[in-house]
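In: Pasting the sequence and the predicted coordinates here, then a few questions.
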Amino acid sequence: MRGGVIARLREIVGDAGCLVRPGELFAYECDGLTLSPKRPLAVVLPTTTEQVAAIVRACREAGVAFVPRGAGTGLSGGAHATENSILIECSRMNRILEVDAENRCAVVQPGVVNAELSAAVASLGLFYAPDPSSQQACTIGGNVAENSGGPHTLKYGTTTNHVLALELVLPDGSVERFGSRSGESQGFDFVGAIVGSEGTLGIVTEVTVRLTPIPKAVETLLVLFDDVVGACRAVGRVIRSGVVPAALEIVDRRTIEAVEASVYAAGLPLTAGAVLIVELDGLPVSLAGEIAAIRAACEAERCQAIEIARDEAERKRFWRARKGAFGAMGRLAPDLYVHDAVVPRMRLPAVLEQVCEICDRYGLKLANVFHAGDGNLHPNICFDRRDPDELARVMAAGKEILEACVAAGGVITGEHGVGVEKRDYMHLVFGEADLAAMRRLRDTFNPDGACNPGKIIPTTRFCVESDPKARGYDAVPIA
Amino acid sequence: MSPPVESSRERIEIPGGFVEAVDRPTDVEALSALLAERHARSEAVLVVGGRTRLAQANRAEKLAAAISLEALAGIDVFEPDEGVVHARAGTPIRALREAVAAEGWELPLDPPGAATTVGGTIASAAVGPRAQVFGRVADAVLGLELVGADGAVTKCGGRVVKNVTGYDMAKLYTGSFGTLGVVTGAWLRLRPKPAARVVLGGRVARDAATFEAARIAARATTVRAFVWSESPTGSAAYGAGTGSGRSASDAAEDSAELVVELGGGEAAVAQDREALVRAFSLIPADPLAVDRLGDGRAQAASAAAIGLRARVVPTQLDALRQATLAAGLSVSIDLGAGVLTARGGESSGAEGAGSLRIGARESGGASPGAGELARKLLALREQTVASGGVLRFDWLPAALAERIDVFGEEPGTRALVVSLKQRFDPRRILNPGRFVAGT
Amino acid sequence: MKTIDASTTPACPSNPTALANRLQAQIHAKTLDCVHCGLCLQSCPTYRATGRETSSPRGRIYLMRGHAEGRLDDPALLAEEAFLCLGCRACETACPSGVRYGEILEVTRAAVREQQPGGRFARALERFVLREIVPRRGRLAWIVRLLAVAKGLGLDRLAVRVLPEALARRAAMMPEIPAAAERKRMPAFTPAVGVRRGRVALFEGCVMPELFGRVNDAARLVLSRAGFDVVVPEAQGCCGALHAHAGDDERAKVLARANVEVFGEGATGASGKGDAGHGAERAVPGGFDAIVVTSAGCSAALKELPHWIGEDGKPLAGRVRDVLEFLDAEGLDIALSPMPRRVCYDDPCHLIHAQGIAAAPRNLLNAIPQLVLVPHRNPEACCGAAGIYNLTHPEMSETVLAPKLDALADAAPELVATANPGCAMQLAAGLAGRGIAARVVHPIELLEEASR
C-alpha cells in the first residue's frame, strides 16, 4: 500500500517534490523540538492548493495519516510526523499573492516567511506585527498553526489578532474559505478556531493577514536591576502606569552570564542581576512622557541604571542581549530545553523563585529570558540527552515547573503550542469536560484524526471517546 | 437563602415566537441541573441576558422557556495590578466599566444598550463605536466558563493574557448566539484608561470627497471613535446630539454629522484634535456623545423597523454607504473600523428616514412589496460580501424576517456548521434556529 | 524499517564505519552546537531554491550528525548535499549558536571524498555537467577560462576528474587566456608615496593574477599612495581555499604551509630585492604590518589557516587583512577626485559571512566624492559563484543568481562593485546574459581611479 501512495504522490508533485530516501526522512524526523523524533513515510512538497488537496485525498484513499509542516521551527513538536504518516512540507508555497496597501492586508501562501512579508511591505510603510523570535525563518502557515506570539505581542497581540481570512484544505480533501477581508465572519468564527489549532483541523493553504502601519518613532530602554524580583516589580509598575510598551522583556543573571561569554556579548555588566528591555513606539510627541513614566517605575524599584538607545545600532545591541540568549545558552550544552508557560504577571517573582528552586533541586543548569509584560516565562534548561539520568531529571523538573505555573493561575504554554511535547500535561489545566469540547471541535473538521494525529488532545486515558474511530490514527499502526 | 432557581411567568417575544416562562438560576450548579433536565426532555430554551439584542437573530424553533442569566451576576476577581477582571455572565457591562474605571482601567467593550450584559455581549459579539481601538469582543476574552447543552460545566482559555494551551475555544463560543453552550463567566482583558479624552462633533458636507477625507482622518493614532452619520435626505440621523447647541434648522441642512472621540497622552490628543478641528471645523461635544450614538443603534423604534450592520474593508465603505442610502436607509459609520450600521422604515412619514416601509409609496414608483424590499436588502448583502465584507440584519419587520436569513452564510461552511451544532447540542435545545445555517 | 523504498536508494558504496568514525572524531562535537532552531534556513540559497530540509544548513548538519552517531546510513545523500552546498556561510551569520558550519562542511566533504574516490559521485556530476553546461555556449567561454586557471593550479586533480571529457576537449581547443598585459608580474617592491605609514605584503592569489591582474595592481597603487610600502613576495602560492572547499584537505594543507613559509613570522618578503634601506624600520614580526589580500575568498581562507594546520598558521592568519578592511581601518588619507557614478556594492559571502566585513567597502566607496551607492535587495545573498560551484552545479548556480540579477536590474547601476574574483565573473556573465549594461569592478579599482 505504501508503494501505491508514494507512486500517487509522485504523480501529484513530481519526483522532485516527493522525498523518500533514508537520509531525507531522517532530516525530517523532528522540528525545533528534537525530543521524540519520528521519521515520516515520505515528505511531499506541494506548490498549490490543488496539489495539497490531491495529496490529502491520496492519503485518505491509502488510509495514511498526514502532517503539515512549515519551516519546522516549532518548539512543541507540532510538525513531528507520526509512524507511517506523510509529511506535507509547505516551504514551496511561498508566494505573496496580493498586497492591498490601502486596506492594510495581504494574501499569502503558507510558506511565506514571517520576516520576509514585513520586508516586502516595508516600502509601503507597513509591517506584519507578530514577531516570533524565529521570524527570520518561520512561515506564516506555521504561525497560524501555532498562534505564534513574540516580544511585541504585548502591544500588538498574537497571530490570531492579525489573521483575517483563511483557505483550508479540510482533512477530507475539500477546500473551504473562512472569514473575510474585513476580519469578521458571517457565522461562527472558524478563523479564530483554526488559528492555533496546530494543523489538526486541516492544512492552511492561503492566509489573509492584517498589515500594521510602521510606528513613527521607537525608543528602546535597557534597565539594569539588582535582581529579577526588582525587574518584575518594575514591570508591574509599568503596567499600572497606563503606558503600554511594545515590549517588556527580562533577561536574568544566568542568561546575562551566558550571553556575555558568547559571541553575542552586548556589553551588559555582570553586576546586574537582571536586565529589563522596554520598547516604546508610537507618536514622537507621546514618547517623552512615556519614557518618563518608565523611568519613574524603574527608579521606584531602585534600578541600577537606565540606558536609552541613541541610535539603531545601540537598539540592536540591547536586543542582542535578548535575542542572542537562546543561541548563547545552546553553546553551554549539546541540548537545550526551551520551556514556555504563562502566569499572571504579578505572580512572576514568586513563580521564578520556584522555578529556580526546582532546577537547583534537580541539579540542572537554568536560565530565564521572558516576555515579562505578558507573564510569559521561558525557563531554558541546558542538558545532554545522551545522559539518560540528566534527561530524566530535565523531564521531571519540566513537569514541576508547569505544575507551579498552573498553581499560580497560569497555563502550560503561551506561544509554543501543545504539540506532542505538552499533550499529556493538558490535564494540568483542563478537565475531561473541557477536553471533550475540544474533541468536538476537532472531530467536526477531522473526524477520524487522520490530519496531524496525536497532537494537542491527550489520548483517551481518562474518558471514553464518543467516536471510537477518532483514536485510530493516534495508536494503530497502518499495515 | 434564595432558591437556586427563581422561576416566573413572563412573556418574552422574539422573531417568530415567544416564551412565557423564565427560569433564573442563581449559581452555575443550578444552571447545570436545569439544562441537564431540559436536555433529558429535549426541551429547547431561549437564553437571555439583558435582552438587548433578542430581536437580532433568526426566528426560533419551538421553545419551552427562557433561561435568564441576570441572577448570575457580579465581579468575582478584579486585580488592578494585573489588568484583568472576572465577571459573571449576568453582570451589566455598564457596571463593569464603572468598576474597573475606578482603578484606572478601561473595559474594551462598548456594546450598544444600557442593560446589556457580559454574557449577552459575548454571545452576540456586539461591538460599539470604539471597535477601531477595542477590536472584536473575542480580543477581550481571555477565558470563559460555560455550561454545555447536557449540563456539563466546562471552561476554556484562562486568566492570563497570552495562551495557546489547546484550541482557542473562546473564539468559537464568542458570537455563537448561545447555540453551543451557555456562558456563565468570563476573564476579560482590560486596557489602561487614556490619560486624556476629548469628544468633538460637527456637521460636514455629505459628499464623497469629505467622506474620504474623514476616513483617512479616522486613522490618526489617538482616534477611538469616528462616526459619520447621515440620512438619505441629509437631515439629522441617529440623533447623536453633539451637544453643540445648534438649532434644529441647522441640523436639518443637507449635511452629515461627525462625532469623534480621541484618547491617549495629552500631547498626542492635543495634536490630533488641532488637526481635526482645522480639517472639519469640529467643536467640543458632549463627553457621552459616542456612547449615546452607540446606544441609539440598540433598539428598533417600531415593529416596522429595518436595521443592519455591515463591516467592509475601508476602500469599499463609500460604495456601501451610497448603496445603503440609495436603499432608503440612514447610516451611522464607524470609519476607523469600517463598520456601517443602518436603519430605516421605523418612523411614520415624518421628515427623516421614513421612506422605506413596506407598502410605502416611493417617489415616482409603485408600492414595493415585501418581496422587492427583501431583494433590495439582499442585494446590499451580496455587494458587501463580494467586496470582502460581512452584513447581517439587526432587525426586520415580520414580513421580511420570513424571507431573509439574518446572518447569511459563508459559502461552503454549512456542513461544518451543522456538524458542529450536532456535536455540541445534538438535541437542539440551545436557542435552536436562531443562528447561522439553522443552528 | 529504514529501507522503505529500496529501489530509489543507492546502496552504500563503501565503508560506512570509516565515514562515521571520521565524522565522529572530527566534527561530531561541533555539530552539537546546533540547537536545531532553524534560524539559518532562509539564509541558505539552496534551501530557498529547493525548500528541502536536507538542502539546508540545519538539515546538512543533522545528516552529518546522524552519520557520526551511526543513526543514519545514507552516504550518497550526505555527499550530494555536502557538495550542493555553496559554502557561502550565510548560515553562520544567521546562526544564534555560533555553529562553525564552514569548518564542519570542509571535513565532511573530505570525508565523503575519501569514501567515494572518484566513483559514483563524480559520474553523477559528470552527467549533470554534460547536460547542463556543454549545451550552453554562452556560458562556456568564461567557464573554460576559469577551468584553465583551475588546471594550472592542479585543481584539475579534483575538478577535471569530475568534469566531462567533452568539456575538457573544448578546454583544450580554447585559445590561450587573453589579457596577457594584466598578467605581467608586479614589482616586488613599491615604496610608499609621501609620509610612510607602514609596510605590507600583497597576497596575489591564483585566479586574481590570471584574470584580474588589474585589481592587484590597483591595490598596490592605492596602498602605496596611502603611505604603505608594498612587497609582493615572489614565492607565494595559492591559498588553498578552492581545494579545501572541494574536499581536498591534504592539498590545501600543503599550500597553507608553503604560504606560512613565505609570509609567516620571520619572513621579510624582501629576499634581497626591494629597498634594503627600510630594514631598520621592520619592527613587526615577519616584517609586514599586514598581509593584504584582494580576493575575499583568499583572505577568508588565510585567516582560517589555524583550522587546517593548527598553531603554525596563527602568526600568518593573525596579520591577514582584506584590502578593503585594511584601508578602512587605517584610514585612506589620500585626496580622491570626484567620480559621478551610480554603484551597487554586492557583498561577497567570504567577506560578509566568513569575515563579517560589510561596512568597510561601503565606507570606502562613500568616500569617493559624487559616487552614489545605490541600494539593491539582499546584497548579502550569495551570487552562486562559490568557487568552482558554477562548474559543478550550473543549474543551482543560476537559480541562486537569478534573484540577484533581478535586484540589480531594478537598481539599475552603472557599475557593480564586488570584492571577489569568482563573484565578479559570475555577476559579469549573469549581467551580460540579461543584457544589463553595468560593468563589474572591484572597489579598489574605483579607489585607484579616484586617487590618481
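Out: It's in.
In: What strands flank the longest strand anywhere in chain C, and is each parallel or antiparallel?
Out: Longest strand in chain C, counting residues (DSSP state E): strand C:198-203. Each strand that pairs with strand C:198-203, with its direction, by DSSP bridges: strand C:228-231 (parallel), strand C:290-293 (parallel).
In: Tell me which of the ones you listed is the most buried.
Out: Sort the strands paired with strand C:198-203 by mean neighbour count, taking mean count of other C-beta atoms under 10 Å in any protein chain shown, and strand C:290-293 sits at the top with a mean of 28. Backbone N, C-alpha and C define where each C-beta goes, glycine included.
In: rewinding a little: dump the strands paired with strand C:198-203 to TSV, plus mean pLDDT.
Out: Below are the strands paired with strand C:198-203 laid out as TSV (pLDDT from 0 to 100):
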stretch	mean pLDDT
strand C:228-231	94
strand C:290-293	94
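In: export those strands to TSV and tack on distance to residue B:171?
Out: Shown next, in TSV, are the strands paired with strand C:198-203 (distance: least, C-beta to C-beta, whole Å):
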stretch	distance to residue B:171
strand C:228-231	68
strand C:290-293	59
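In: Relative to chain C, which residue of chain B is the closest?
Out: Chain C sits closest to residue B:164 of chain B, with a gap of 18.8 Å, by C-beta to the nearest C-beta.
In: right, and that residue touches residue A:147 too?
Out: Yes. Counting by C-beta atoms under 8 Å, residue B:164 does reach residue A:147; the two are 4.9 Å apart.
In: Neighbour count: those two, which is higher?
Out: residue B:164 (30 against 26; other C-beta atoms under 10 Å in any protein chain shown).
In: so what are the domain limits for the chain?
Out: Looking at chain A here, since you left the chain open. As assigned by automatic domain parsing, chain A contains the domains A:2-89, A:96-213, A:217-326, A:333-407, A:430-472.
In: think we crossed wires, I meant chain B
Out: Split by automatic domain parsing, chain B gives B:5-69+B:426-438, B:75-192, B:194-296, B:302-408.
In: Which stretch among those approaches residue A:284 most closely?
Out: Proximity to residue A:284, assessed across those by C-beta to C-beta, is greatest for domain B:194-296 (9.2 Å).
In: The closest one near chain A at all?
Out: Yes. Domain B:194-296 reaches chain A (C-beta under 8 Å from any C-beta of the partner chain) through B:194, B:195, B:219, B:221, B:222, B:264, B:265, B:266, B:267, B:268, B:271.
In: got the phi/psi numbers for the fourth one?
Out: In terms of degrees, to the nearest 10, the main-chain angles of residue B:221 are phi -60, psi -40.
In: How about it: what's its closest non-neighbour residue?
Out: residue A:283 (5.3 Å; C-beta to C-beta, 6 or more residues apart in numbering or on different chains).
In: Count residues in the vicinity of that neighbour, would you?
Out: Residue A:283, neighbours per other C-beta under 10 Å, totals 19.
In: for residue B:302, same thing?
Out: For residue B:302, using other C-beta under 10 Å, the count is 12.
In: likewise residue A:388?
Out: Neighbourhood size, residue A:388 [other C-beta under 10 Å]: 9.
In: Low-confidence stretches in the chain?
Out: In the absence of a named chain, this looks at chain A. Counting by pLDDT under 70, chain A has low-confidence residues at A:1-3, A:460-479.
In: other chain: chain C
Out: Along chain C, the model assigns pLDDT under 70 to residues C:1-15, C:116-184, C:207-211, C:265-286.
In: Got phi/psi on residue C:58?
Out: Per-residue torsions, residue C:58: phi -60, psi -40 (degrees, to the nearest 10).
In: For it, list the residues it contacts.
Out: C:34, C:36, C:37, C:38, C:40, C:41 (C-beta atoms under 8 Å, 6 or more residues apart in numbering or on different chains).
In: could you dump those to JSON lines with distance to residue A:136 and secondary structure?
Out: Below are the contacts of residue C:58 laid out as JSON lines (distance: C-beta to C-beta, whole Å; DSSP: H, G, I helix; E, B strand; the rest coil):
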{"residue": "C:34", "distance to residue A:136": "16", "secondary structure": "coil"}
{"residue": "C:36", "distance to residue A:136": "15", "secondary structure": "coil"}
{"residue": "C:37", "distance to residue A:136": "10", "secondary structure": "coil"}
{"residue": "C:38", "distance to residue A:136": "9", "secondary structure": "coil"}
{"residue": "C:40", "distance to residue A:136": "9", "secondary structure": "coil"}
{"residue": "C:41", "distance to residue A:136": "9", "secondary structure": "helix"}
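In: filter the residues you listed by proximity to chain A?
Out: Filtering these for proximity to chain A by C-beta under 8 Å from any C-beta leaves C:34, C:36, C:37, C:38, C:40, C:41.
In: For residue C:33, grab phi and psi.
Out: phi -60, psi -20.
In: what separates it from residue A:28, distance-wise?
Out: 21 Å (C-beta to C-beta, to the nearest Å).
In: Alright, I will stop here.
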